[in-house]
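Asker: The following block contains a protein sequence and its predicted model.
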Amino acid sequence: MHACNLGIEKLFIHCLSENDAIKRIARSLGMSVVAQGVESIEVLHLLESLGCDEVQGYLFAKPMPVAELEHLLVLSQQAGVVGESL
């Protein structure tokens with residue numbers, strides 16, 4: 001099995017030097033970097049500066065039922081925001 005993503009837990013997001021090291025390790029292994037637990041614009045900007053590939057967290061949406069997610073995705077597609085990267 002080949003892994004293609006390396007997730008960074010919220011705990012590590014607040015330690016800049018460790019995050020940079022994690023990002024370099026992921027890149028050297030050919031993996032993309034996914035940051036989890038993003039809850040503020042400041043953290044999002046930090047992750048942008050670190051070159052994070054993808055983010056997820058309460059800043060974007062809280063956990064929700066599938067039907068609600070499907071509705072949100074339809075609205076996002078209509079607004080042209082689904083699939084945008086950092």
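Answerer: Structure received. Numbers count the residues shown, from 1 in each chain.

Asker: Stretch 36-50: which residues count as buried?
Answerer: Buried residues in stretch 36-50, counted by 16 or more other CB atoms under 10 Å: 37-38, 43-44, 46-47, 50. Glycine gets a C-beta too; all of them are placed from N, C-alpha and C.

Asker: Nearest to Phe12 among these?
Answerer: Ranked by distance to Phe12 (CB to CB), the buried residues of stretch 36-50 are led by Gly37 at 9.3 Å.

Asker: Kindly tell me how buried the nearest residue to the closest one once chain neighbours are set aside is, as a neighbour count.
Answerer: In space, and not counting its chain neighbours, Gly37 is closest to Lys10: 2.6 Å by CB to CB, 6 or more residues apart in numbering. Using other CB atoms under 10 Å, Lys10 has 14 neighbouring residues.

Asker: And the nearest residue to Tyr58 once chain neighbours are set aside, how far from Gln56?
Answerer: Nearest residue to Tyr58, sequence neighbours excluded (CB to CB, 6+ apart): Glu39, at 4.8 Å. According to CB to CB, to the nearest Å, Glu39 stands 11 Å off from Gln56.

Asker: overlap in contacts of these two?
Answerer: Common contacts of Glu39 and Gln56 (CB atoms under 8 Å, 6 or more residues apart in numbering): none found.

Asker: List just the nearest of the buried residues of stretch 36-50 to His71.
Answerer: Val38 (22.1 Å).

Asker: Let me know the secondary structure of the closest one.
Answerer: coil (DSSP: H, G, I helix; E, B strand; the rest coil).

Asker: Can you check the pLDDT for it?
Answerer: What the model reports as pLDDT for Val38 is 91.

Asker: Geometric centre of the protein: which residue is closest?
Answerer: Centroid-nearest residue in the chain, with CA atoms, centre = their mean: Val55, separated by 1.0 Å.

Asker: nearest to Arg27, of the buried residues of stretch 36-50?
Answerer: Closest approach between those and Arg27, by CB to CB: Leu50, at 11.2 Å.
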